[in-house]
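Chemist: Below is the sequence, then the predicted model.
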Amino acid sequence: MPELPEVEVTRRGVAPHLEGRKVTAVVMRHTGLRWPFPVDLEVRLAGRVVRSTGRRGKYLLINFDHGTLIVHLGMSGHLRILPLGITPQKHDHFDLVVGKQVMRMTDPRRFGAVLWHDAADGDIEEHILLRGLGLEPLEDKFSAKELHRQTRNRSAPIKQVLLAGDIVVGVGNIYASESLFKAGINPKTAAGKISLPRYEKLEAAIRETLAAAIEQGGSSLRDFIAVNGQSGYFQQSYFVYNRTGQDCRICATPIRQIKQGQRSTFYCVICQR
């Protein structure tokens, strides 16, 4: 599933083609993806100007004066900017036409989403999908002190707490494993038992890992490609993720793989305590 870096790479890719431009048409080729498409979306958006783009966790936000288009890439989705006239393929489900270009959403598994939040319904942060999300890990409000404070009564393993998204948002399976390795924290450690100095290392590791992944275009393990059709290459820099049995890049101990909450976790038993 595309994680925060992949969504941010996508946002940066579409932003110059959308911001400040007028929507001329909306094309929906199915009734919906994970959830139904808003039935009146073309009426709502045709003739309207995209004011800005944003991101909340793994949700891409396309902002208009009268509301926000919410896009989620799901398990296998991606966006491309194409010239008008390109024939849609089987899995091309949604087009946002802007002048002589189209933002096209491709989603083979159809687990993604295209939704509308009307400004009359309140701030976008109050949308049902966004209001329970934690802090953005690349913003100033995210801190080791906040991680420490909010985990004092949490007995769950730290990796599961990171994935939950209610304290910090967007740190998915890949980047949680990588960040915990860089911070030297065993993913099985109870979140409530981690000291403030160790959370300071984890905060720095999360910021560093996500920033590096964005700079390298995200990770392309299976389905993800950027707006320009290119694959990310952060997977070439993994220390632990998907490296089961391979030597740790630091100590040469074989990387271990375990299951936590039905998700694979990768770590080094020597470097992570």
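Modeler: Ah, there it is. Numbers count the residues shown, from 1 in each chain.

Chemist: residues near K90, how many?
Modeler: 8 (other CB atoms under 10 Å). Every C-beta, even on glycine, is put in place using the N, C-alpha and C of the backbone.

Chemist: just L180 next, same as before
Modeler: L180, neighbours per other CB under 10 Å, totals 31.

Chemist: Three-state assignment for it, please.
Modeler: With DSSP: H, G, I helix; E, B strand; the rest coil as the basis, L180 sits in helix.

Chemist: before we move on, what about V240?
Modeler: Taken by three-state DSSP, the conformation at V240 corresponds to coil.

Chemist: mind pulling up the phi and psi values for the residue nearest to it when sequence neighbours are not counted?
Modeler: Of all residues not flanking V240 in the chain, F266 sits nearest, at 4.1 Å (CB to CB, 6 or more residues apart in numbering). Taking degrees, to the nearest 10, you get phi -120, psi 140 for the backbone angles of F266.

Chemist: thinking F266 is in contact with R243, fair?
Modeler: Yes - in this structure, F266 is within contact of R243 by CB atoms under 8 Å, at 6.2 Å.

Chemist: Pull the contacting residues for C248.
Modeler: F239, V240, P254, I255, C268, I270, C271 (CB atoms under 8 Å, 6 or more residues apart in numbering).

Chemist: what's the distance between it and H17?
Modeler: From C248 over to H17 the distance is 42 Å, taken as CB to CB, to the nearest Å.

Chemist: same check, this time on P108
Modeler: Following CB to CB, the distance that separates P108 from H17 is 23 Å.

Chemist: Check K145 too.
Modeler: Relative to H17, K145 is positioned 39 Å away (criterion: CB to CB).

Chemist: quick one: which of these two has more around it?
Modeler: Higher neighbour count among K145 and H17: H17, with 18 against 11, using other CB under 10 Å.

Chemist: mind checking how far the more buried one is from R80?
Modeler: The value you get for H17 to R80, if CB to CB is used, is 10 Å.

Chemist: Pull out the buried residues from the contacts of C248.
Modeler: F239, V240, I255, C268, C271 (16 or more other CB atoms under 10 Å).

Chemist: how about those residues in JSON lines, adding pLDDT?
Modeler: Formatted as JSON lines, those follow (pLDDT from 0 to 100):
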{"residue": "F239", "pLDDT": "96"}
{"residue": "V240", "pLDDT": "97"}
{"residue": "I255", "pLDDT": "98"}
{"residue": "C268", "pLDDT": "98"}
{"residue": "C271", "pLDDT": "98"}
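
Chemist: which of the residues you listed sit farthest apart?
Modeler: Maximum pairwise distance in these, criterion CB to CB, is 9.8 Å, between I255 and C271.

Chemist: which SS class is the nearest residue to Q257 once chain neighbours are set aside?
Modeler: Leaving out its chain neighbours, the residue that sits closest to Q257 by CB to CB, 6+ apart is T244, at 4.1 Å. When classified by three-state DSSP, T244 comes out as coil.

Chemist: I'd like the numbering to begin with 32 instead of 1 from here.
Modeler: Understood, numbering begins at 32; the last thing we discussed is T275.

Chemist: how deep is T275 tucked in, by neighbour count?
Modeler: T275 is flanked by 13 other residues according to other CB under 10 Å.

Chemist: and it, what is it in contact with?
Modeler: I286, R287, Q288, F297.

Chemist: from those, which is closest to L233?
Modeler: Using CB to CB, the contacts of T275 come closest to L233 at F297, 16.5 Å.

Chemist: Bridged to that closest one, which residues?
Modeler: For F297, the beta-bridge partners under DSSP bridges are Q288.

Chemist: Having no further points to raise, I will conclude here.
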